[in-house]
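Visitor: Just a sequence and a predicted model for now, questions to come.
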Amino acid sequence: MENKSKIESIGVKLPERCVTTRDIISKLKIFNPPNLERMSGIKERRFCAENEDSYTLAVDAVNDCLSRSKYKPEAIDMVVCCSISRNKDGLTTVFEPPLSLFIKESIGAHQALNFDIANACAGMLTGIYIVDSFIKQGIIKTGLVVSGEYISNLSETAVNRIRTATSSQLASLTLGDAGAAIVMEKTDQNDSQALKVSGFTTFSEHNNLCIGRQCHTSPGGIMNTKRRKIHSAAILELPKILKAALTDSNLSFSQIDFFIPHQTSITSIKAGMQQMIKKLKGSPGETVTNLERFGNTASTSHILALHRYLQEKRIKKGSNILMTALASGLVIGCVIFSIKDLIQTYGNTN
């Protein structure tokens, strides 16, 4: 009988430094700047302090995760780092040795297999898919999926480069920093909390709609995004992916209690939901948005939103969760599962 996996615990790390959208817009050197707060729904986001980076965010998120877990670091069989940013000691980018090695040594998971992956903002959900596959094959019993996104430098670079309200760097102003981590464990076929669906599809014809690269005039990076085109492409392809995933999980869209999309902008999420409801002939119980306080935290956004709802005790036992990734590439994927024991790690008995 094939093994199954489930999410055993979750942790996050948010920098203390809070930066408002109004602060960012006030620094733009353009006439009649856009009302980004109204367009995006983002009032504030977190930026790293001088002593914080991808590595520190990731390690702190793992420690928070392990504080809710029944597992000690030495019981972790695999560590997968999924962040877009791989910064350690400031803006130094780490590729080899991989960031996952530094993370596992820091937390004490010395015997764990480790590697980094890169799949844009779909990174953590891709990590869940990979660990799920290793557990299903019986190669490991436990796995740690982690990401530390130090991407505020993209926003700081964009502020100095944007010259028009239609700039392709405008989306960079929505970004915020965060770390997130998940422990996954082996379970059996009869466990209602086992992952029902975990999978991804890449539509490579849209690969040029969001491109990141190094900035040669100042530290950090540059991200150019064709916002309208990537939104249109996602809306065109997403309903087919969701329909197939829901069919595989024996659920309808109306049976999803909490739908967690990638946190881009409130206008995009609302427009997308209108299309999903129409094409899937139903609506989920609640669409989770985490934008107002944290902005777009890239690969960590789904886990940060789920953590917040668990922390605020909004999610009840038996709820069906659907997390959907829309990432540069264009990558579309989803993870579907039911929740029970995870709620108890937040002190909720409902």
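Guide: Yep, it's here.
Visitor: Spell out the secondary structure type for Thr267.
Guide: helix (DSSP: H, G, I helix; E, B strand; the rest coil).
Visitor: Against Thr225, how distant is the residue nearest to it when sequence neighbours are not counted?
Guide: Closest residue to Thr267 apart from its sequence neighbours, by CB to CB, 6 or more residues apart in numbering: Met39 at 5.8 Å. For glycine as for every other residue, the C-beta is placed from the backbone atoms N, C-alpha and C. Remark: distance between Met39 and Thr225 (CB to CB, to the nearest Å) = 14 Å.
Visitor: The two: who's more crowded?
Guide: Set Met39 next to Thr225 and count neighbours by other CB atoms under 10 Å: Thr225 wins out with 21 against 16.
Visitor: Next one: the more buried one from Thr166, what distance?
Guide: Counting by CB to CB, the gap between Thr225 and Thr166 amounts to 12 Å.
Visitor: Repeat that for Leu91.
Guide: Taken as CB to CB, the span from Leu91 to Thr166 is 28 Å.
Visitor: More neighbours: which of the two?
Guide: Legend: neighbour count by other CB under 10 Å for Leu91 and Thr166, higher for Leu91 (14 against 10).
Visitor: Please name every helix or strand in contact with the helix or strand harbouring Val145.
Guide: Taking DSSP states H and E as the criterion, Val145 maps to strand 142-149. Applying 3 or more CB pairs under 8 Å, 6 or more residues apart in numbering; DSSP states H and E, we find strand 142-149 packed against strand 4-13, helix 54-66, strand 78-81, helix 99-107, helix 123-136, strand 178-187.
Visitor: closest one to Tyr309 among these?
Guide: Between Tyr309 and those, the shortest separation by CB to CB is 10.7 Å, and it involves strand 4-13.
Visitor: Could you list the domains of this protein?
Guide: In the domain annotation for the chain, the residue ranges read 4-187, 197-344 (automatic domain parsing).
Visitor: can you redo those as a markdown table with mean pLDDT?
Guide: Below are those laid out as a markdown table (pLDDT from 0 to 100):
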| stretch | mean pLDDT |
| --- | --- |
| domain 4-187 | 93 |
| domain 197-344 | 88 |
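Visitor: Go through those domains and pick out the most buried.
Guide: Among the domains of the chain, domain 4-187 has the highest mean neighbour count (mean count of other CB atoms under 10 Å), at a mean of 21.
Visitor: Centre of the chain to the top helix by length along the chain, how far?
Guide: Ranked by residue count and defined by DSSP state H, the top helix of the chain is helix 227-248. Relative to its chain's centre, helix 227-248 lies at 17 Å (CA atoms, centre = their mean, to the nearest Å).
Visitor: neighbouring contacts of the helix or strand following it?
Guide: Sequence-wise, the next helix or strand downstream of helix 227-248 (DSSP H and E) is strand 258-261. Outside strand 258-261, the residues within contact range by CB atoms under 8 Å, 6 or more residues apart in numbering are 269, 272-273, 284-288, 302, 305-306, 309, 315, 319-324, 326.
Visitor: what about Ile332, distance to Glu37?
Guide: Counting by CB to CB - Ile332 and Glu37 are separated by 28 Å.
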